[in-house]
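# pasting the sequence and the predicted coordinates here, then a few questions.
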There are 2 protein chains.
Amino acid sequence: MDTTSTASAASAPHKPGDAYPTTARTVPTRGRDRARYDRELVHAVLDAEFVCHLGFVRDGAPVVLPTLYARDGERLYLHGSTGSRPLRAAQTEPLPVCVTVTLVDGLVLARSAFHHSVNYRSVVVQGAARRVTDRAELDRAFDLLVDHVVPGRSADCRPADAREAAATAVLALDLTEVSAKVRSGGPNDDEADLALPHWSGVVPLRRDAGTPEPAPDCSAPLPRYLAAVTR
Amino acid sequence: MDTTSTASAASAPHKPGDAYPTTARTVPTRGRDRARYDRELVHAVLDAEFVCHLGFVRDGAPVVLPTLYARDGERLYLHGSTGSRPLRAAQTEPLPVCVTVTLVDGLVLARSAFHHSVNYRSVVVQGAARRVTDRAELDRAFDLLVDHVVPGRSADCRPADAREAAATAVLALDLTEVSAKVRSGGPNDDEADLALPHWSGVVPLRRDAGTPEPAPDCSAPLPRYLAAVTR
């Protein structure tokens, strides 16, 4: 499959501060033409999804777990339970992690098997995550996490009490070592393949929200902010 | 958020071989009641998605990259380019990896912030991935990868030639150390919160395919198998 084609989005010259500085590990060995570092794109990808894949090392081996997150400016908050392994590991010292968020935008069908691809936008954040212990920061993170999944919801539910706050662990990870990758546009068929009879093009994909299903014991009307939950 | 509630799906007693054996690292420290090991569920999750998150360790730090995959019985094939770091690392000896696949099925809104959750099905595969070098196995993996994204497509495109096969790297990972996690059903509100005025329930989510967009230079009619691409 196609791993070398160019992303279609053009990069305008950046003002200082508009882009994350590159490091040895944020520049890919392949697909460099797809790598992006502009903050606006990174923020847009992070704000369009709410499940990340959190990677860490346990006993020398990689572990990747789906995890809820929210963005607070140049910081991510990651949600876990106090008993889970990565959260326990981060209790004593910052935990080296890799957080990856991926939006799948479409299937790219080319005339050749080789040039088949997927349109996507992904962000990779590397760094050391610290456990949030301050109660005020924890409360802020709770609100951000709830509102990141359903904007407006934190103001319409009971906030965490002391027992619940103690049972919920949150990691904070600053957006310092960050890269994005984007593949967009149509297939990049080889000139020699253009006469082949196979269909070629893109099948767009997106996540849709269905009709909300109230709990059996719920008599409250559907809140307005749920109408907006279509990502 | 809620990390301890019970998955609603019941587990029937298994015939020997119907479940993956558990190991120290496939039994979670938290959320054990959500952990599942039955092959049928694992296969269903793996077959419903085509982008996994591939974790590996580089210079002692975790790296997580979105990666295309396909299942072949009790084996996964992972797609990459020959120049990418994990693929190069796996050239000489098997590479310890963690492959995670996550389907997000719904948002769970409870009366309390704490019991907010997400309905999901995820599979975590741990093991050592080997680089596929045999040309026949490589060709089979190419077909599986293309058909996993669009079933039926491998028979309707030009297969990889020798140059393209040499430029594409595939990792094979056997399904031996495997676990799944499932959260389904409605919110688990505390008894004391039931009288609160907040809406409570589930917003179902799914990925939809839009209208296929032919390439500008494509005059072939839309193939029948594309009508089925709605996951």
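That came in fine, so what should we check first?
# touching chain B at all, the least confident helix or strand in chain A by mean pLDDT?
The least trusted helix or strand in chain A, going by mean pLDDT, DSSP states H and E, turns out to be helix A:85-89, with a mean of 72. Yes - Helix A:85-89 lies within reach of chain B by CB under 8 Å from any CB of the partner chain, at A:85, A:88. Where C-beta positions appear, they are placed from N, C-alpha and C, glycine not excepted.
# ok, the closest residue in space to residue A:46 that isn't next to it in sequence - how many residues close by?
Counting by CB to CB, 6 or more residues apart in numbering or on different chains, residue A:71 is the residue found nearest to residue A:46 once chain neighbours are left out, at 4.8 Å. By other CB atoms under 10 Å in any protein chain shown, the residues close to residue A:71 number 18.
# beta partners for residue A:71?
residue A:76 (DSSP bridges).
# do residue A:158 as well
Assessed by DSSP bridges, residue A:158 has beta-bridge partners residue B:112.
# that one: neighbour count?
With other CB under 10 Å as criterion, residue A:158 counts 18.
# and if you look at the one 3 residues further on?
Residue A:161 is surrounded by 11 other residues when neighbours are defined as other CB under 10 Å.
# next one: the one 10 residues further on
Residue crowding around residue A:171 was assessed by other CB under 10 Å; the count is 26.
# contacting residues for it?
Contact analysis of residue A:171 by CB atoms under 8 Å, 6 or more residues apart in numbering or on different chains lists A:77, A:78, A:80, A:86, A:87, A:90, A:95, A:97, A:129, A:130, A:131, A:132.
# closest to chain B out of the residues you listed?
Nearest to chain B among the contacts of residue A:171 is residue A:97, at 6.2 Å by CB to the nearest CB.
# could I get the phi/psi values of that closest one?
phi -140, psi 160 (degrees, to the nearest 10).
# ok, it - how many residues close by?
Neighbours of residue A:97 (other CB under 10 Å): 26.
# that one and residue A:56 touch, don't they?
Yes - Residue A:97 lies in contact with residue A:56 (CB atoms under 8 Å); the separation is 5.1 Å.
# name the helices or strands packed onto the top helix by length along chain A?
Across chain A, the longest stretch assigned as helix under DSSP state H is helix A:135-149. Where contact means 3 or more CB pairs under 8 Å, 6 or more residues apart in numbering or on different chains; DSSP states H and E, helix A:135-149 is packed against strand A:61-71, strand A:75-81, helix A:162-167, strand A:168-174.
# which stretches of chain A have low pLDDT?
Within chain A, the stretches with pLDDT under 70 are A:1-16, A:30-31, A:81-83, A:228-231.
# center of chain A - which residue?
Among the residues of chain A, the one closest to the centroid is residue A:101, at 2.5 Å (CA atoms, centre = their mean).
# which secondary structure element contains that one?
Using DSSP states H and E, residue A:101 sits in strand A:95-109.
# okay, now the sheet partners of the helix or strand following that strand, with direction.
With elements assigned by DSSP H and E, the helix or strand that comes after strand A:95-109 is strand A:117-131. Here strand A:117-131 is paired, per DSSP bridges, with strand A:95-109 (antiparallel), strand A:168-174 (antiparallel), strand A:177-183 (antiparallel).
# buried residues, the second one. List them.
By neighbour count with 16 or more other CB atoms under 10 Å in any protein chain shown, strand A:168-174 contains the buried residues A:168, A:169, A:170, A:171, A:172, A:173.
# bridged to the last one, which residues?
Spelled out, that is residue A:173. residue A:76.
# spit out the contact partners of it.
So residue A:173 contacts A:75, A:76, A:78, A:97, A:99, A:125, A:127, A:128, A:129, A:130 (CB under 8 Å, 6+ apart).
# any idea which element residue A:160 lies in?
Counting by DSSP H and E, residue A:160 is held by no secondary-structure element, helix or strand.
# tally of neighbours for it?
Residues within reach of residue A:160, counting by other CB under 10 Å, total 22.
# what's the separation between it and chain B?
Plainly put, residue A:160 is 5 Å away from chain B if you go by CB to the nearest CB, to the nearest Å.
# so is the residue lying farthest from the centre of chain A in a helix, a strand, or just coil?
For chain A, the largest distance from the centre (CA atoms, centre = their mean) belongs to residue A:195, which lies 39.0 Å off. What DSSP: H, G, I helix; E, B strand; the rest coil gives for residue A:195 is coil.
# distance of residue A:50 from residue B:118?
With distances taken as CB to CB, to the nearest Å, residue A:50 is found 8 Å from residue B:118.
# residues shared between the contacts of these two?
When CB under 8 Å, 6+ apart defines a contact, the residues bordering residue A:50 and residue B:118 alike are A:68, A:149.
# residue A:121: neighbour count?
Neighbour count of residue A:121, defined by other CB under 10 Å: 24.
# repeat for residue A:220
Other residues near residue A:220 number 15, with proximity taken as other CB under 10 Å.
# swap in the one 3 residues further on?
By other CB under 10 Å, the residues close to residue A:223 number 15.
# same check on residue A:157?
By the criterion of other CB under 10 Å, residue A:157 has 23 neighbours.
# hang on, isn't it packed against residue B:187?
No - at 10.2 Å, residue A:157 does not count as touching residue B:187 under the criterion of CB under 8 Å.
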